[in-house]
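A.B. asks: attaching a predicted model along with its sequence, questions to come.
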Amino acid sequence: MLRRTLGGVALSALALVGVAVLPSAAAEPAADRGGHAATAPLVFGHRGASGYRPEHTLAAYELAARMGADYVEPDLVPTKDGQLVARHENEIGGTTDVADRPEFASRKTTKVVDGVSLTGWFTEDFTLAELKTLRAEERIPQIRPRNTLYDGRYEVPTFQEVVDLSKRLSRELRREIGVAPETKHPTYFRGIGLALEPKLVDALKRNGLDRANAKVVVQSFEVTNLKQLDRDLKVQLVQLLGSSGAPHDLVVAGDPRTYADLAKPAGLREIARYADVIGPDKSLVIPRDAAGFLTGPTTLVRDAHAVRLLVVPYTFRNENSFLPADFRSSADPAQYGQAFGEYQEFFATGIDGLFSDNPDTAVEARAALRAGAA
């Protein structure tokens, strides 16, 4: 079902000339679906420009686009009244000021989400109007203390607000800003009567974004909902792959397959039947040794390209805390390391895009790569 494109790169057309020319770091620009130039590898603003602003805020998404990101990525969870909002998790104690709001003290509770017990405040216990009274806060202030400057300034955005922002910025920047929503904990939310997928499908159709050439990709760490979305949507689908564990829906169904199994050639062939892209943890592309240094690349990119799946790994960040030992600048976890070195290693594997908290760094690394290839 190779009917979709990513940033204008048509898989079916590439298939005519062989796997060796699948989009990669050295690929030439392709005309994207909006008629503009799309440069591979594509840059996804991970939770927006979350290296510079509290994640999943309109400010973070706007900054990512202005820094050159091709897509912004809102993770989606529902409210009590069934509205889709952008949060990395439904537990919001660490990303909003809810813990400081006495009027919501009684909402603190413990739940089991995907087999993990969590204590805090959950979006599904708040109406949208109640969530809109909260303000976003930096999730990792010990690593990104400068982002705390913006604590208390931004609301929790709805998915519709993210779509509206992408449309406005596309007009202002004169290039199409894509949207890459991720459905979070779909089995859990379906189980409590707040299924994400129908609301997402409705939102995309309402905004005219359910088209094969729409600059939209939908992601999930689960399998079952992507298979259903493959029947309901024409846009691209991304099967996310964790570095360990298994998709929760497969665990619930008694399916023994893990993410490691899905990353093998047989698993990739199965994924290619319902999805167009894999989004692996970057350690599945280039693992690290026990000391944290990069080892040699795996065959994942080559194996995925062999079945015409694009590869967009996550997550690239500038701080030493997240970098391989090869590129750390000091023992200070919050200090920037040599992030360009890491990008160079991953671009060399032929990845088709990446998720970055620092879109400007990713765009700069891509520009340097293309200048060197010219």
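C.D. replies: Now that the structure is in, tell me what you want to look at.

A.B. asks: pLDDT weak spots in the protein?
C.D. replies: 1-39, 374 (pLDDT under 70).

A.B. asks: which residues of it fall in helices?
C.D. replies: 11-15, 58-66, 128-131, 159-173, 186-191, 196-206, 224-232, 248-253, 259-262, 265-271, 300-306, 339-347, 359-373 (DSSP state H).

A.B. asks: CSV please, covering the ones you listed and showing distance to Asn213 and mean neighbour count.
C.D. replies: Where you see a C-beta, it was placed from the backbone N, CA and C, and this is true even at glycine. Listed next are those as CSV, based on distance: least, CB to CB, whole Å; neighbours: other CB atoms under 10 Å:
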stretch, distance to Asn213, mean neighbour count
helix 11-15, 13, 16
helix 58-66, 20, 24
helix 128-131, 31, 17
helix 159-173, 14, 17
helix 186-191, 26, 20
helix 196-206, 13, 18
helix 224-232, 17, 18
helix 248-253, 29, 18
helix 259-262, 28, 18
helix 265-271, 22, 17
helix 300-306, 22, 21
helix 339-347, 27, 19
helix 359-373, 23, 18
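
A.B. asks: looking at the ones you listed, which is closest to Ala212?
C.D. replies: Among the helices of the chain, helix 11-15 comes nearest to Ala212, with 11.1 Å by CB to CB.

A.B. asks: list the contacts for the residue nearest to Ala260 when sequence neighbours are not counted?
C.D. replies: Spatial nearest neighbour of Ala260, excluding adjacent residues (CB to CB, 6 or more residues apart in numbering): Ser244 at 7.7 Å. Counting by CB atoms under 8 Å, 6 or more residues apart in numbering, Ser244 makes contact with Thr258, Tyr259, Ala260.

A.B. asks: just give me the closest of those residues to Arg190.
C.D. replies: Tyr259 (20.7 Å).

A.B. asks: correct me if wrong: Lys80 contacts Ala129.
C.D. replies: No: using CB atoms under 8 Å, Lys80 makes no contact with Ala129, being 10.0 Å away.

A.B. asks: what is in contact with the two at once?
C.D. replies: Contacts common to Lys80 and Ala129, judged by CB under 8 Å, 6+ apart, are absent.

A.B. asks: on that earlier part again, how much space between the residue nearest to Ala260 and Val252?
C.D. replies: Going from Ser244 to Val252 by CB to CB, to the nearest Å gives 18 Å.

A.B. asks: same check, this time on Pro297
C.D. replies: 33 Å.

A.B. asks: let me have the helices of the chain in a markdown table, extended by distance to Pro333.
C.D. replies: Output for the helices of the chain, formatted as a markdown table (distance: least, CB to CB, whole Å):
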| stretch | distance to Pro333 |
| --- | --- |
| helix 11-15 | 40 |
| helix 58-66 | 21 |
| helix 128-131 | 31 |
| helix 159-173 | 30 |
| helix 186-191 | 32 |
| helix 196-206 | 34 |
| helix 224-232 | 35 |
| helix 248-253 | 30 |
| helix 259-262 | 26 |
| helix 265-271 | 34 |
| helix 300-306 | 28 |
| helix 339-347 | 14 |
| helix 359-373 | 17 |
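
A.B. asks: indicate which one of those helices is closest to Tyr150.
C.D. replies: Here helix 58-66 is closest among those (CB to CB), at 7.0 Å.

A.B. asks: by contact count, what packs against the closest one?
C.D. replies: Using 3 or more CB pairs under 8 Å, 6 or more residues apart in numbering; DSSP states H and E as the contact criterion, the elements in contact with helix 58-66 are strand 42-46, strand 71-73, helix 159-173.

A.B. asks: of all the ones you listed, which one is nearest Arg190?
C.D. replies: helix 159-173 (17.6 Å).

A.B. asks: which residues sit in contact with Glu91?
C.D. replies: Val113, Leu118, Gly120, Trp121, Phe122.

A.B. asks: which two of those residues have the greatest separation?
C.D. replies: Val113 and Trp121 (12.8 Å).

A.B. asks: these two - which one has more neighbours?
C.D. replies: The neighbour comparison of Val113 against Trp121 (other CB atoms under 10 Å) goes to Trp121, with 21 against 17.

A.B. asks: Thr133 versus the residue nearest to the more buried one when sequence neighbours are not counted, what's the distance?
C.D. replies: Leaving out its chain neighbours, the residue that sits closest to Trp121 by CB to CB, 6+ apart is Val98, at 4.6 Å. Distance of Val98 to Thr133, computed by CB to CB: 9 Å.

A.B. asks: show me the contacts for the nearest residue to Ala64 once chain neighbours are set aside.
C.D. replies: Among residues not flanking Ala64 along the chain, Gly45 sits closest, at 2.7 Å (CB to CB, 6+ apart). By CB under 8 Å, 6+ apart, the residues touching Gly45 are Ala60, Tyr61, Leu63, Ala64, Ala65, Met67, Ala69, Tyr71, Val72, Glu73, Ser356, Pro359.

A.B. asks: and for Lys184?
C.D. replies: Counted by CB under 8 Å, 6+ apart, Lys184 has contacts Asp75, Leu76, Val77, Arg87, His88, Glu89, Asn90, Leu196.

A.B. asks: out of the residues you listed, who's nearest Phe340?
C.D. replies: His88 (26.3 Å).

A.B. asks: number of nearby residues for the closest one?
C.D. replies: His88, neighbours per other CB under 10 Å, totals 19.

A.B. asks: just put the contacts of Gly45 in CSV and tack on distance to Leu284.
C.D. replies: Shown next, in CSV, are these (distance: CB to CB, whole Å):
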residue, distance to Leu284
Ala60, 26
Tyr61, 27
Leu63, 29
Ala64, 24
Ala65, 28
Met67, 26
Ala69, 23
Tyr71, 21
Val72, 24
Glu73, 19
Ser356, 17
Pro359, 22
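
A.B. asks: what's the closest of the residues you listed to Arg171?
C.D. replies: Ala65 (11.5 Å).
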